[in-house]
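Asks: just to be clear, the model below is a prediction. Sequence and coordinates:
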There are 2 protein chains.
Amino acid sequence: MPAAKHDVFQAIADPTRREVLKILSKEEMPISRITSYFPVSRTAIVKHLQILSDAKLVSARKQGREKIYALHAEPLNDVKEWLGYYEQFWHNKLAILKHLVEHEEDNK
Amino acid sequence: MPAAKHDVFQAIADPTRREVLKILSKEEMPISRITSYFPVSRTAIVKHLQILSDAKLVSARKQGREKIYALHAEPLNDVKEWLGYYEQFWHNKLAILKHLVEHEEDNK
DNA sequence: TAAACGTGAAACCAAAAGGTGTTATATACT
DNA sequence: AGTATATAACACCTTTTGGTTTCACGTTTA
């Protein structure tokens, strides 16, 4: 898994990683505790955390022998901005639909 | 590539597919013309289109020997809703930062 | 009708993704 | 000191991803 190759879009593509983000949104916690929420091995979770870390969606600090991960949601703003451009398209569809409904009214 | 296995998060994870969406947002067009925008083969683009189609992000209609694809942006609303939950976190950070700045003022 | 065009479909391939288990190392506890 | 704990670092495996080439088939068009 090459470093610094994962952007935020790829990071959130995996359901397990989205679940990790959700869990970390409640409270920060060490790796072993994050792992306890999932049916997969700690090693697998560590890899997901590395990908999330590449995308800057989580940050880690070492406390004694534990490594505590926390949510870092800011990069999600990139996704929001990307979505912004497309909102016009589904909003327009709604507007067109509304117009059609109103047109139906006219035909009564 | 198994059908109906791709959700919208996975569909938008790939840069080429995001580019396809952008191109289709300008105008609908047949496969061969979409392909002309990319340095990869038509077959590769067809596969991307199938994934986008699985995620309901594009729709296709056949016109003569051409298959015309169009953007269908509505499913992106799922992503927007998912993001909604996380907005509070990066907004809170900004609020905290603002508070710190104001606290600095107090110490002058 | 024959040639050109646009697409569909299959077979194949290298690399990445997602997962496993084992071993090593640093920190904490008794 | 000795043991248990939390993580790190490997080596390895299977499936998916993103790409290719080749060939067949229906639709236009010269």
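Replies: In hand now; what should we look at? Remember, it's a predicted structure, so these values are computed and weren't measured experimentally.
Asks: the helix or strand where A:Leu49 lies and DNA strand C, are they touching?
Replies: In this structure, A:Leu49 is located in helix A:42-54 according to DSSP states H and E. Yes: shown here: helix A:42-54 in contact with DNA strand C (C-beta under 7 Å from any atom of the strand) through A:Thr43, A:Ala44, A:Lys47, A:His48, A:Ile51. In short, each C-beta sits where N, CA and C put it, glycine included.
Asks: next, format these as CSV and append neighbour count, distance to A:Lys62 and pLDDT.
Replies: Rendered in CSV, the data for those read as follows (neighbours: other C-beta atoms under 10 Å in any protein chain shown; distance: C-beta to C-beta, whole Å; pLDDT from 0 to 100):
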residue, neighbour count, distance to A:Lys62, pLDDT
A:Thr43, 8, 18, 97
A:Ala44, 13, 21, 98
A:Lys47, 15, 18, 98
A:His48, 21, 19, 98
A:Ile51, 22, 19, 98
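Asks: of those, just say which sits nearest to A:Pro15.
Replies: Taking C-beta to C-beta as the measure, A:Pro15 sits nearest to A:His48 out of those, at 10.4 Å.
Asks: and the closest one, what does it touch?
Replies: The contact partners of A:His48, taken as C-beta atoms under 8 Å, 6 or more residues apart in numbering or on different chains, are A:Asp14, A:Thr16, A:Arg17, A:Val20.
Asks: how about the residues you listed in TSV, adding distance to DNA strand D and neighbour count?
Replies: Below are these laid out as TSV (distance: C-beta to the nearest atom of the strand, whole Å; neighbours: other C-beta atoms under 10 Å in any protein chain shown):
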residue	distance to DNA strand D	neighbour count
A:Asp14	10	16
A:Thr16	14	15
A:Arg17	14	23
A:Val20	14	25
